[in-house]
Structure formats: structure tokens, C-alpha cells
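Trainee: build me a model:
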Amino acid sequence: MNLKEYNHFFKIEKKIEKDLWSKAIFVFDTSSILEMYYYSEEARKEIFQKTIHLLKKNLWITGHTNFEYLKNRQSVIYKAFSEKYNRLKNEDIPNFRKEIESLYNRLDAIKKATKRVDIHPFINQEIFSSVDLLIESLKNEFESFNGDFLKEVSLRETEIKKLEKDDEIYSLITQYFQITEDYEYSKLEELVSNGKLRYEHNIPPGFRDGNGKARKKEYRGLEI
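Mentor: Sure, this is the predicted structure:
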């Protein structure tokens, strides 16, 4: 099947495309906003400058999305560090040190097993000198690297945790996004009624939200 044969179905006239970019409404869900806390400071700046700033007149979130964002914001800031850096600091780097120590211990065992001149296996111990120096150098280099690595982790922790008090993402929401009013109770009841049928037949949006959630909460994806 040659998909290029169908390109003419998807072509948009330049005028229509220009109108879409100027008039279309871009509605963000909660996860797309919270995901920005997992990006580096430089990546966020690029998103702000090249995307958000250019679309600032057309950006919306629902009132409930804003509620979910504010409710989860603090925990996501914490996760942005704990999920991404704790394993590196507490598992990966210590395991790296253990591997270097293991190299030293294995070489030492070989030397001890081959040092007796009166019985096999015997190996001239002088040939181990260069490898001894190499492993010793590796141990020293690792300690220097480990110090630099932990400093970098500390910088990233400071960078992430400063968002608790100086949150550029929160400022972005308040500055560039328009927020809808929440639905009235009668409208929510209508959504619940409609959502039950949709979710029973796995009709998106939001049907995957239903597992184990309380009534009304499970229809938040549909509401948004």
C-alpha cells in the first residue's frame, strides 16, 4: 500500500492552515502540564519561547484541569527529583564503585594464586604492575568523578526544588492560559449518564479512567 497516493486527502491550503494556527484553540490536559516539571530548565525555556509564547492567545485549560494541576503540582515537583535522580545517586553510582573494587579484588586473587615460584601456576609478578597502576588510577579517577557527579545532582535538586517557591510553570499557566468555569451539577450528572454508556463500550475520551475510581471522578477525562 502506497500511502503517498492518499496525500491529496490531507493537504491543507496555506490560507486555511494560517487561519487554523491563528484561530484554533489548544486545550491542554493535566498530564501535559505536569509533564513539564520533568523537563530541564533549558528545555522548558525552549518550549515557552517556541510554542507557548506564540500560541498565547489560543491556550485553554478547563477549570477541573486547573484543579487537578494545583492538587498534584507539589507531589510532581518532588517526583521530578526522586524518580529521576535517587536511583542514580543511591544505586547506579555505588554499583559502579563496587565494579571497580571487584576488578581490584579479582586481579589480587589472580596475583595471589600465581605468586609461588615453587609450584604451578606461577606467573612473573612484574607483569601485573601496569594493570595495578591502571586500576589504581581508575579508582582515583572514579572518586574525582563521583564528587563531580554528586555536585551535579545537587544542582539539579536545587533547580527542581526551587519550583516550589518560584514556579515558572505556574506563572506560565496564570499568564498565558485561559481557564474555563467548572460545569454546574446538572451538567455533571448528564456527563455521568452519558459517560457510563461510553465507557461500557470503550469509547474515548477518558474511558481508561474508569478502573477503580469513584463515581464522577472516573468521568473526569470525558468532562475535560
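
Trainee: how far is the helix ranked longest in the chain from where the chain is centred?
Mentor: Using DSSP state H, we find that the single longest helix of the chain is helix 129-161. Mean C-alpha position of helix 129-161 versus that of the full chain (CA atoms, centre = their mean, to the nearest Å) differs by 25 Å.

Trainee: and the closest residue to residue 150 other than its chain neighbours, how close does it get to residue 82?
Mentor: Closest residue in space to residue 150, ignoring its immediate chain neighbours: residue 89 at 6.9 Å, by CB to CB, 6 or more residues apart in numbering. To be clear about C-beta, it is placed using only N, CA and C from the backbone, and glycine gets the same treatment. As judged by CB to CB, to the nearest Å, residue 89 and residue 82 stand 10 Å apart.

Trainee: can you give me the pLDDT of the residue nearest the centre of the chain?
Mentor: Nearest to the mean C-alpha position of the chain, by CA atoms, centre = their mean, lies residue 38 at 4.2 Å. What the model reports for residue 38 is a pLDDT of 95.

Trainee: can you tell me which residues contact it?
Mentor: Residue 38 sits next to 76, 80, 84 when contact means CB atoms under 8 Å, 6 or more residues apart in numbering.

Trainee: which of those residues are buried? Put it as a ChimeraX command.
Mentor: To isolate the buried subset of the contacts of residue 38 in ChimeraX, counting by 16 or more other CB atoms under 10 Å, use the following:
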select :76,80
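
Trainee: just name the closest of the contacts of residue 38 to residue 32, please.
Mentor: residue 76 (12.3 Å; CB to CB).

Trainee: contacting residues for that closest one?
Mentor: Contacts of residue 76 by CB under 8 Å, 6+ apart are 34, 37, 38.

Trainee: just checking, the second one touches residue 169?
Mentor: Okay, so that is residue 37. Yes. Between residue 37 and residue 169 there is a contact at 6.5 Å, judged by CB atoms under 8 Å.

Trainee: what is in contact with these two at once?
Mentor: residue 163.

Trainee: quick one, what contacts residue 160?
Mentor: By CB under 8 Å, 6+ apart, the neighbours of residue 160 are 37, 77, 80, 81.

Trainee: remind me which residues of the chain are low pLDDT?
Mentor: 1-10, 183-189, 191-192, 194-224 (pLDDT under 70).

Trainee: can you list the domains in it?
Mentor: Split into domains by automatic domain parsing, the chain comes to 11-182, 184-224.

Trainee: sorry, back to before: can you lay out the contacts of residue 160 as CSV showing distance to residue 101 and secondary structure?
Mentor: Listed next are these as CSV, based on distance: CB to CB, whole Å; DSSP: H, G, I helix; E, B strand; the rest coil:
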residue, distance to residue 101, secondary structure
37, 37, helix
77, 36, helix
80, 32, helix
81, 28, helix
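
Trainee: can you give me phi and psi for residue 165?
Mentor: Dihedral angles of residue 165 (phi, psi; degrees, to the nearest 10) stand at phi -110, psi -30.

Trainee: any idea how far it is from residue 30?
Mentor: Using CB to CB, we find residue 165 at a distance of 22 Å from residue 30.

Trainee: so how far is residue 21 from the residue nearest to the centre of the chain?
Mentor: From residue 38 to residue 21 the distance is 27 Å (CB to CB).

Trainee: and for residue 182?
Mentor: Taking CB to CB, one finds residue 182 at 29 Å from residue 21.

Trainee: against the centre of this structure, work out the most remote residue.
Mentor: residue 118 (61.0 Å).
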